[in-house]
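Colleague: pasting a predicted model and its sequence here:
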Amino acid sequence: MSFPKDFLWGGAVAANQCEGAYNEDGKGLSEADLLLGGNYETPRMFCSHIMKDHFYPSHQAIDFYHHYKEDIKLFAEMGFKTFRTSINWSRIFPHGDDETPNEAGLAFYEDLFKECKKYGIEPLVTLCHYEIPWGIVKNYGGFTSRKTIDLYVRYAKTVFTRYKDLVKYWLTFNEINGATTAMGQYNGIGYVAPEDLASEEPIPLNQLKDDPQKRFEGLHNEFVASALAVIEGHKINPDFMIGCMICHVTWYPLTCNPKDLLETEEKDLMFNDFCGDVQVKGEYNPLAVAYLKNHGIDTSYITDEDLAIIKEGKVDMYTFSYYMSNCVSVDPNAQSIGGNMSMGLKNPYLKASAWGWQIDPDGLKYTLKKLASRYPGVPLMVVENGLGAADSIEEDGRIHDDYRIDYFRDHIKAMGEAIDEGVPLIGYTTWGCIDVVSCGTGEFHKRYGFIYVNRHDDGTGDFSRSKKDSFNWYRKVIASNGEDL
Ligand code: BGP
């Protein structure tokens with residue numbers, strides 16, 4: 001197996017899942033700050049105001065805001081070449097439409113990126129990871145408004161300019177394709193229907209009123225915003241590598257019934273490739289547009305002017321998250337995966353995590369090869385991959401997370417094979433390299449890290465950090481450039 005010698009090994013987190021300090025140093029509220037916790041069965045709840053006496057997992061999260069120096073030192077000890085995090089937009093423009101940026105927010109990230117560079121770690125920065133300022137959600141309907149394109153581009157230009165010599169790798173939107181499904185309406189485009197906005201009572205995230213027309217229009221506005229950010233970013237520093245970020249769920253037909261295959265192809269197109277094509281090829285796939293029209297979406301929001309922007313603002317790399325594959329069937333009695341991320345059907349050949357996510361390293365190889373031939377010559381990066389597990393501290397006081405090591409070993413092997421077979425993979429950042437708040441459920445005990453954080457679902461814990469067995473294992477993998485697994 002031959003990982004390129006400058007391969008970007010590292011780990012990933014997102015601001016709202018790790019920073020905490022949700023109202024410090026001038027930060028405004030973001031959409032993530034209004035989410036209560038949930039669990040495997042119960043979805044997270046949303047309420048348009050902070051409810052007293054409720055515990056909000058993201059408000060303190062793992063307090064990375066005050067621990068980042070210690071954490072980056074640990075990442076450096078593992079030999080990270082890159083560290084993916086996001087800028088919380090509401091630290092920079094607290095309400096989204098403020099006249100001037102918040103200097104304390106800008107200074108925080110400057111310091112954070114300098115700390116990375118001190119150890120030779122390249123920051124990989126997501127501009128918007130489920131962190132739209134609440135003012136934009138409330139006052140403009142998130143990305144359903146074209147005004148939000150301007151606000152986003154101004155924010156992007158502000159941070160590009162400030163960090164142009166510190167950050168080379170940027171991602172415009174985390175998992176932009178989430179908005180193709182009802183669940184992505186809130187996290188993704190930041191839209192809440194007026195009646196839900198007015199509700200005094202919390203509403204489960206999956207029961208927010210879905211508005212597909214607004215969702216796809218909002219997604220389109222994100223495409224335009226992303227393209228404009230790419231154009232402006234390259235003016236600020238032509239060396240910037242700016243990528244899209246797709247939540248890639250790999251779909252298989254459950255059986256060889258040709259109808260299962262037809263259904264699978266459609267799912268793959270509309271969930272994965274629709275967004276990737278717009279951002280990488282700079283154009284809408286005609287089949288995707290036909291699908292939207294056939295499903296009652298009025299696509300007249302796509303203007304010629306927008307299409308010209310999208311064409312010009314193609315991304316420099318394709319990055320994606322990969323956790324699982326799912327099956328597709330036309331049989332209404334086929335068994336669904338279960339859990340609160342039940343997107344598809346169970347594959348009888350695969351094991352699953354305790355949260356029901358099916359573990360499929362071959363699916364990663366398949367996906368890498370598919371992407372490499374769909375987007376020839378475009379560098380690929382896996383920017384999220386990992387195993388959520390409820391780690392326990394054993395009698396010797398340590399966490400022996402061999403299951404996590406097995407998971408990573410198999411996925412890294414699959415990446416190595418894909419590279420040998422011609423895939424231009426340039427980097428790999430494992431998800432939640434330090435334990436963070438789960439995005440889907442709001443739990444702390446769904447842990448992904450090489451580093452354990454003493455913080456729990458009931459809000460207890462002193463935030464202390466300790467190394468799991470996987471910490472030393474990953475250090476060895478990086479030191480041997482993927483040879484010693
Ligand atoms: C992705 C998100 C991340 C992350 C990850 C794991 O969809 O980009 O923010 O959290 O999934 O999901 P979860 O935290 O729900 O286990």
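Modeller: Perfect, thanks for sending it.

Colleague: excluding its backbone neighbours, what's nearest the residue in the stretch 251-400 of the chain positioned nearest to the ligand?
Modeller: Closest residue of the stretch 251-400 of the chain to the ligand, CB to the nearest ligand atom: residue 388 (4.5 Å). Heads up, the C-betas are built off the backbone N, CA and C, glycines and all. Spatial nearest neighbour of residue 388, excluding adjacent residues (CB to CB, 6 or more residues apart in numbering): residue 446 at 4.2 Å.

Colleague: please enumerate the strands of the protein.
Modeller: Assigned by DSSP state E, the chain shows strands spanning 8-12, 45-46, 82-86, 122-126, 169-171, 203-204, 241-253, 317-328, 380-384, 425-431, 451-453, 465-467.

Colleague: what mean pLDDT does the fifth one get?
Modeller: Same thing as strand 169-171. In this model, strand 169-171 carries a mean pLDDT of 99.

Colleague: tally up the residues packed near residue 396, please.
Modeller: 7 (other CB atoms under 10 Å).

Colleague: brain fart, residue 194
Modeller: Residue 194 has 9 neighbours, counted by other CB under 10 Å.

Colleague: on that earlier part again, who's in contact with the residue nearest to residue 388?
Modeller: Contacts for residue 446 (CB atoms under 8 Å, 6 or more residues apart in numbering) come out as 355, 388-390, 438.

Colleague: so which residues on the protein come close to the ligand?
Modeller: Counting by CB under 6 Å from any ligand atom, the chain comes close to the ligand at 14, 17, 174-175, 247, 321, 384, 388, 431, 438-441, 446.

Colleague: can you show me the helices along the stretch 251-400 of the chain?
Modeller: Remark: helices assigned in the stretch 251-400 of the chain by DSSP state H, counting those that start in this stretch are 258-267, 274-276, 286-294, 304-312, 361-374.

Colleague: point out the most buried one among those helices.
Modeller: Most buried of the helices of the stretch 251-400 of the chain by mean neighbour count (mean count of other CB atoms under 10 Å) is helix 274-276; its value is a mean of 24.

Colleague: who touches that one?
Modeller: 176-177, 180, 219, 223, 244, 246, 285, 288, 318, 371, 374-375.

Colleague: again with stretch 67-77
Modeller: 10-11, 64, 83, 112, 115-116, 119-121, 433-434, 451, 463, 465, 467, 471, 475.

Colleague: residues near the closest residue to the ligand within the chain, how many?
Modeller: Of all residues in the chain, residue 440 sits closest to the ligand, at 2.7 Å by CB to the nearest ligand atom. For residue 440, the tally of surrounding residues (other CB under 10 Å) stands at 19.

Colleague: re earlier: can you redo the strands of the chain as TSV with mean neighbour count?
Modeller: Listed next are the strands of the chain as TSV, based on neighbours: other CB atoms under 10 Å:
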stretch	mean neighbour count
strand 8-12	25
strand 45-46	20
strand 82-86	26
strand 122-126	24
strand 169-171	25
strand 203-204	16
strand 241-253	24
strand 317-328	23
strand 380-384	25
strand 425-431	24
strand 451-453	23
strand 465-467	16
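
Colleague: and those strands: which comes nearest residue 311?
Modeller: Of all the strands of the chain, it is strand 241-253 that lies closest to residue 311, at 14.7 Å by CB to CB.

Colleague: give me the sheet partners of the closest one and which way each runs.
Modeller: Looking at strand 241-253 with DSSP bridges, its partner strands are strand 169-171 (parallel), strand 317-328 (parallel).

Colleague: I'd say residue 457 and residue 37 touch.
Modeller: Yes: look at residue 457 against residue 37 with CB atoms under 8 Å: they come within range, at 6.7 Å.

Colleague: which residues are common contacts for these two?
Modeller: With CB under 8 Å, 6+ apart, residue 457 and residue 37 have common neighbours 57, 443.

Colleague: ok, the two, which is more surrounded?
Modeller: Shown here are residue 457 and residue 37; by other CB under 10 Å, residue 37 has more neighbours (21 against 18).

Colleague: where does the stretch 201-350 of the chain dip in pLDDT?
Modeller: Within the stretch 201-350 of the chain, the segments meeting pLDDT under 70 span 338-342.
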